[in-house]
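Engineer: Please find the sequence and the predicted model below.
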Amino acid sequence: MPWKNDGGITREIIRCPANSSLDNFEWRISVATVSTAGRFSIFPGIDRSLALTEGGELLISQDARHFTLTSEAPIFEFAGEEQVGSSLLAGPVTDFNVMTRRRLHTHTLHRFAFTGTLCVPHRGHTSAVYIVKGSPHIRQPKSGVVQLAPGDAVLLTAPDQELTLDATEAEIMVTNIFDVSN
């Protein structure tokens, strides 16, 4: 889908509710390839988290602050109404983006690189596990072993649900969406 500012293309992983638009979604998870410098789309009332998953470096400009985002850098968090720009320092990059409508939801985003077994518990309203690198597998009571690949995502929605991943080597992004208490 095109970016809100028409500056690029995003592959949406999930949007809630599913039939919502970019103007009225509650939360959204997506992956985008950034191949040119430019400004981030403005999303008033939305909190955002951004992590680089592939490529070189992205120079982030926010007000008078400048810093470099890499695939090893901490996750960049910002308000959707802020003026944020970016410049490519070493070719195109791919980013992982989480957005939540502030009055309805909050979120966390964590990156995990692991070998062996990793257990991801469900937290909040919805948890999403996105495979960045590697081919972990999961064991499910009814379907047996399920092999995952980069670009796959698994949603956890049941309160007691957890996901156990096994991999020789893998990297994942874990998003937790929480309801805001009224």
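Structural biologist: The structure has been received and is ready for your questions.
Engineer: care to break the protein down by domain?
Structural biologist: The chain breaks down into these domains under automatic domain parsing: 9-104, 106-179.
Engineer: which ones are touching residue 178?
Structural biologist: By CB atoms under 8 Å, 6 or more residues apart in numbering, the contact set of residue 178 is 105, 106, 107, 108, 123, 124, 125. C-beta here means a position set from N, CA and C on the backbone, and glycine is covered the same way.
Engineer: Specify the local secondary structure of the residue lying farthest from the centre of the chain.
Structural biologist: Each residue of the chain has a distance to the centre, and by CA atoms, centre = their mean the biggest one is for residue 142: 28.3 Å. The three-state assignment at residue 142 reads coil, by DSSP: H, G, I helix; E, B strand; the rest coil.
Engineer: just residue 72 next, same as before
Structural biologist: Assignment for residue 72 (three-state DSSP): coil.
Engineer: how many other residues sit next to it?
Structural biologist: 8 (other CB atoms under 10 Å).
Engineer: ok, and for stretch 161-171, which residues are buried?
Structural biologist: 163, 165, 167, 170, 171 (16 or more other CB atoms under 10 Å).
Engineer: can you tell me the helix or strand for the last one?
Structural biologist: Right, the one you point to is residue 171. Using DSSP states H and E, residue 171 maps to strand 162-179.
Engineer: Please report phi then psi for residue 158.
Structural biologist: Torsion angles at residue 158 (phi, psi; degrees, to the nearest 10) stand at phi -80, psi 140.
Engineer: What pairs with the strand holding residue 171, parallel or antiparallel?
Structural biologist: If you go by DSSP bridges, strand 162-179 pairs up with strand 105-121 (antiparallel), strand 126-133 (antiparallel), strand 137-140 (antiparallel).
Engineer: now could you export just the CA positions of the last one as PDB?
Structural biologist: What it means is strand 137-140. C-alpha atoms of strand 137-140 as PDB (Å, rounded to 0.1, in the frame of the first residue of the first chain):
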ATOM      1  CA  HIS A 137       9.700 -23.500  13.900                       C
ATOM      2  CA  ILE A 138       6.800 -23.800  16.400                       C
ATOM      3  CA  ARG A 139       5.000 -26.800  17.700                       C
ATOM      4  CA  GLN A 140       1.300 -26.700  17.800                       C
END
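Engineer: The following helix or strand past it pairs with which strands, and in what direction?
Structural biologist: Once the chain leaves strand 137-140, the next helix or strand it forms, by DSSP H and E, is strand 144-147. With DSSP bridges as the test, strand 144-147 is paired with strand 137-140 (antiparallel).
Engineer: centre of the chain versus the partner strand, how much separation?
Structural biologist: 22 Å (CA atoms, centre = their mean, to the nearest Å).
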